[in-house]
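Chemist: no sequence for this one, just the structure:
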């Protein structure tokens, strides 16, 4: 049974992704900052008949917490097949670049960018043992510089400059890491769930979390001939 680790998996898109992957037969580890919330999420899945799930406490902004989670996971598995960097925050709005508080910007980057980077770095050794190691970085259209430069750019994006720039940085990490591992079995991509109703947007999104999880699951379960170093949404590739 292939193993999956999903950060920020106790609710929202992360939880929906965990549920869909568990339904497909993967053994899913739901990582969350709050141990009790993680356990509650796992209990909910088990009550629904999905027994191939487990909770793990991990704060992606705390390197020691990540290392502890890694040590705990290594006692349970010898191989990690899939890492999904889903944990993210939107930060305080508005976030116009000319006025956004630096503390707000740092907090957003700490979770959305640095959190994903240091989590990936810690779990690379376990991923290397997989036959087809997959890393999926959950990004956003707001991170696309091409879409930001388009005349059709959504004016509401002005409220998410900190969030958007953190996702642009995450996309850069995707490209560079994929290039670093270009001659290996690794498949490393970014994906946007689309405008999904979650806590990040006060549930104003137009897609359900189940719909938002679908493109993540699709990338996570790719075959050996799948893409790497790309940015996708459910409808297809997204320009950087």
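Modeler: Nice, I can see it. Note that the structure is predicted; figures quoted are calculated from it, not measured.
Chemist: mind checking how far the closest residue to residue 111 other than its chain neighbours is from residue 28?
Modeler: Nearest residue to residue 111, sequence neighbours excluded (Cβ to Cβ, 6 or more residues apart in numbering): residue 89, at 4.8 Å. C-betas here are computed from N, CA, C, even on glycine. Plainly put, residue 89 is 22 Å away from residue 28 if you go by Cβ to Cβ, to the nearest Å.
Chemist: with residue 106 instead?
Modeler: The value you get for residue 106 to residue 28, if Cβ to Cβ is used, is 31 Å.
Chemist: what sits against the spatially most central residue of the chain?
Modeler: Closest residue to the average C-alpha location of the chain: residue 86 at 2.1 Å, with Cα atoms, centre = their mean. Contacts for residue 86 (Cβ atoms under 8 Å, 6 or more residues apart in numbering) come out as 6-9, 13-14, 17, 138, 216.
Chemist: can you pick the most crowded of the residues you listed?
Modeler: residue 9 (32 neighbours; other Cβ atoms under 10 Å).
Chemist: contact partners of the longest helix anywhere in the chain?
Modeler: In the chain, taking DSSP state H as the definition, the longest helix is helix 161-180. Applying Cβ under 8 Å, 6+ apart, the contact partners of helix 161-180 are 85, 89-91, 95-97, 100, 104-105, 108-109, 111-113, 116-117, 120, 135, 137, 139-140, 142-145, 148, 157, 186, 188-190, 200, 228-229, 231, 240.
Chemist: of the residues you listed, just the buried ones, ChimeraX syntax please.
Modeler: Listed next is the ChimeraX selection for buried residues among the contacts of helix 161-180, using 16 or more other Cβ atoms under 10 Å:
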select :85,89,90,91,95,100,105,108,109,111,112,113,116,117,120,135,137,139,140,142,143,144,148,157,186,188,189,190,200,228,229,231,240
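Chemist: inside strands: which ones of the contacts of helix 161-180?
Modeler: 85, 135, 137, 188-190, 231 (DSSP state E).
Chemist: between those residues, which is nearest residue 2?
Modeler: Residue 2 lies nearest to residue 135 out of the ones in strands among the contacts of helix 161-180, by Cβ to Cβ, at 14.0 Å.
Chemist: can you pull up the bridge partners for that closest one?
Modeler: residue 83, residue 188 (DSSP bridges).
Chemist: circling back to that earlier point, what are the phi and psi angles of the residue nearest to the centre of the chain?
Modeler: Phi and psi for residue 86, reported as degrees, to the nearest 10, are phi -100, psi -30.
Chemist: state the distance from it to residue 49.
Modeler: 23 Å.
Chemist: over to residue 10?
Modeler: From residue 10 to residue 49 the distance is 19 Å (Cβ to Cβ).
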